[in-house]
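[1] Turn this into a model:
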Amino acid sequence: MVIPEFHALVNAAKKEIQEIGPEELKRLQQSGDDLIVIDVREREDAAKGTIPGAVNVPRGVLEHNIDQVTTDKNKKLVLYCGGGSRSALAAASLKKMGFKNAISLAGGYRGWKSTE
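    Have a look, this model is predicted:
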């Protein structure tokens, strides 16, 4: 069971960041928009399926390892998890680190799969 404080933390993060839905992400990818898609789920979850082209950087090491993906603070980063909560927290954290275009995928991987 998730405690109410977790939901409060996620809701606060979502007020600080931009979220897009799966259809918008697909549109950005198809248009050739210069972005990096980051899967913040654990490796065992990512092994079950990912969004095409995504880089897996688990949430627990994201802030430490983001430089292995990019150091460009203006780069558009679309982060996703299973349902959209951890990616919202991750986007808020990257925003605090100076990444101006850290975006969370609303609905996460489950939302993405439901549009296929």
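[2] CA only for contacts and neighbour counts going forward, please
    Fine.
[3] how many other residues sit next to Lys76?
    When neighbours are counted by other C-alpha atoms under 10 Å, Lys76 registers 17.
[4] any idea of the pLDDT on it?
    Note for Lys76: predicted pLDDT of 98.
[5] hang on, it packs against Asp34?
    Yes. Shown here, Lys76 and Asp34 form a contact pair, counting by C-alpha atoms under 8 Å, at 6.9 Å.
[6] residue ranges with poor pLDDT in this protein?
    Regions of the chain meeting the criterion pLDDT under 70 are absent.
[7] again, only this time at 90
    1-2, 32-33, 115-116 (pLDDT under 90).
[8] Give me the neighbour count for Thr1.
    That one is not Thr; residue 1 is Met. For Met1, the neighbour count with other C-alpha under 10 Å is 3.
[9] Ok, the one 10 residues further on next?
    For Asn11, the neighbour count with other C-alpha under 10 Å is 14.
[10] Quick one: distance of the helix or strand hosting it to the chain centre.
    Following DSSP states H and E, one finds Asn11 within helix 4-16. How far helix 4-16 lies from its chain's middle: 15 Å, per C-alpha atoms, centre = their mean, to the nearest Å.
[11] what comes into contact with it?
    Helix 4-16 has contacts (C-alpha atoms under 8 Å, 6 or more residues apart in numbering) with 85-86, 88-89, 92.
[12] which stretches of the chain form strands?
    18-20, 35-39, 55-56, 76-80, 102-105 (DSSP state E).
[13] Done for today, thanks.
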